[in-house]
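Chemist: coordinates only, no sequence provided:
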């Protein structure tokens, strides 16, 4: 699958799910009385059709389970269905391609090595990925980088600057870089990162890097979707290790001290020794793997080869002892329950009766007249009562 087709299919999935969210629990009058909703719905439908019609014939022939002719004509069918006031048909039509598409992709995915990367601010994650990615491509690998940018807690906006910071890598045909806003997703990883991993693996990318937001307890969610978790640190010695939460250090399968160049080269070696000593007090994540501490200079492209050799050694060890397959199975279960929780929440929020009650309960909670737990129980109880009447 071509890299540009990966982008188009990703747009199809995101827009399709947007349509489903727009329609969840809404009636015809909701659309008639909300011009912005109608505009957003129409635009999402257009994106689906525009993306599908640009998917190459080769990819369409490869993913035969998707009804491409119907999807390409989806915009006209959806608009027609809307004016016929058949919201059920509209909702089902918007969702029909996604399950078949993901089912097909899942069967073709899984051959890549999935690497999560996190690190303290200023450690040079983008510079490291630029150097590491170019090294891998020169070795004949195809690389996908899913770089998750931080989002503003106030506006929800994000910088999405990782691609611009990887100037050389972003121009190489063998690389696919997908910056995504983290939003409010716990774990610093965009909700659809897992699906995007399926896409790029099905497209033949042999190495998938997931760059997370900063370092903190929430970022440990990346460990649930990758094979190896790499923690980048600065040449700051033991004092810096004290500033990093223990949980994320315990999740690391590989620690790399970056910026081991110039005046910091000696400091980086001392820091690496400090980190090795500190790791002796922590329980290893895998019984057959002692977490190594490497040094490198992404700026000068030194030590990158050793980092890749360590990753290959990790993969071989985890494959031989069966830990890799067990980890992938655990990741699939984690994804399952995350999706169940997310879809249940969307269904709850999309229920018309619940939406009418939400404002009342939110006011009661903010005013201190009731507790969040009592309000949540009341809302869920009402939801199940309404469902029982149907």
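Modeler: Here it is on my side, so go on. Given the structure is predicted, the values throughout are model-derived calculations rather than measurements.
Chemist: residues touching the residue nearest to residue 323 when sequence neighbours are not counted, list them.
Modeler: Distances taken as Cβ to Cβ, 6 or more residues apart in numbering put residue 286 closest to residue 323, at 6.0 Å, once the chain neighbours are dropped. Bear in mind the C-beta positions are built from the backbone N, C-alpha and C, glycine included. The contact partners of residue 286, taken as Cβ atoms under 8 Å, 6 or more residues apart in numbering, are 253, 318, 323.
Chemist: mind putting those in JSON lines, distance to residue 171, pLDDT and secondary structure included?
Modeler: JSON lines is the format used below for the contacts of residue 286 (distance: Cβ to Cβ, whole Å; pLDDT from 0 to 100; DSSP: H, G, I helix; E, B strand; the rest coil):
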{"residue": "253", "distance to residue 171": "30", "pLDDT": "93", "secondary structure": "coil"}
{"residue": "318", "distance to residue 171": "33", "pLDDT": "96", "secondary structure": "helix"}
{"residue": "323", "distance to residue 171": "37", "pLDDT": "94", "secondary structure": "helix"}
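Chemist: looking at the residues you listed, which is nearest residue 369?
Modeler: residue 253 (48.9 Å; Cβ to Cβ).
Chemist: quick one, what contacts residue 318?
Modeler: 227, 286, 288, 289, 324, 327.
Chemist: give me that answer again for 10 Å
Modeler: By Cβ atoms under 10 Å, 6 or more residues apart in numbering, the contact set of residue 318 is 227, 228, 253, 286, 288, 289, 324, 325, 326, 327.
Chemist: in PyMOL, select just the buried ones from the residues you listed.
Modeler: Applying 16 or more other Cβ atoms under 10 Å to these, the buried members can be selected in PyMOL as follows:
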select buried, resi 227+228+253+289+324+327
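Chemist: next step: the contacts of residue 318 restricted to helices.
Modeler: Judged by DSSP state H, helices contain the following of those: 324, 325, 326, 327.
Chemist: mind checking the pLDDT average for the helix or strand where residue 276 lies?
Modeler: Residue 276 is located in helix 265-279, with elements delineated by DSSP states H and E. Taken as a whole, helix 265-279 has an average pLDDT of 89.
Chemist: counting by contacts, list what it packs against.
Modeler: Secondary-structure packing of helix 265-279 (3 or more Cβ pairs under 10 Å, 6 or more residues apart in numbering; DSSP states H and E): strand 228-233, helix 238-242, helix 246-251, strand 254-257, strand 293-295.
Chemist: one more time with 8 Å, if that's ok
Modeler: The contact analysis (3 or more Cβ pairs under 8 Å, 6 or more residues apart in numbering; DSSP states H and E) places helix 265-279 against helix 238-242, strand 254-257, strand 293-295.
Chemist: which stretch in those has the least confidence?
Modeler: Among these, helix 238-242 scores lowest, at a mean of 53.
Chemist: run through the stretch 201-350 of the chain and note the low-pLDDT ranges.
Modeler: For the stretch 201-350 of the chain, residues meeting the criterion pLDDT under 70 lie at 213-220, 237-247.
Chemist: pull the number of nearby residues for residue 124.
Modeler: 19 (other Cβ atoms under 10 Å).
Chemist: contacting residues around it?
Modeler: Here residue 124 is in contact with 232, 258, 259, 298, 299 (criterion: Cβ under 8 Å, 6+ apart).
Chemist: next one: it from residue 364, what distance?
Modeler: According to Cβ to Cβ, to the nearest Å, residue 124 stands 48 Å off from residue 364.
Chemist: and for residue 123?
Modeler: In terms of Cβ to Cβ, residue 123 sits 45 Å off from residue 364.
Chemist: quick one: which of the two has more around it?
Modeler: residue 123 (25 against 16).
Chemist: which non-adjacent residue is nearest that one?
Modeler: residue 232 (4.6 Å).
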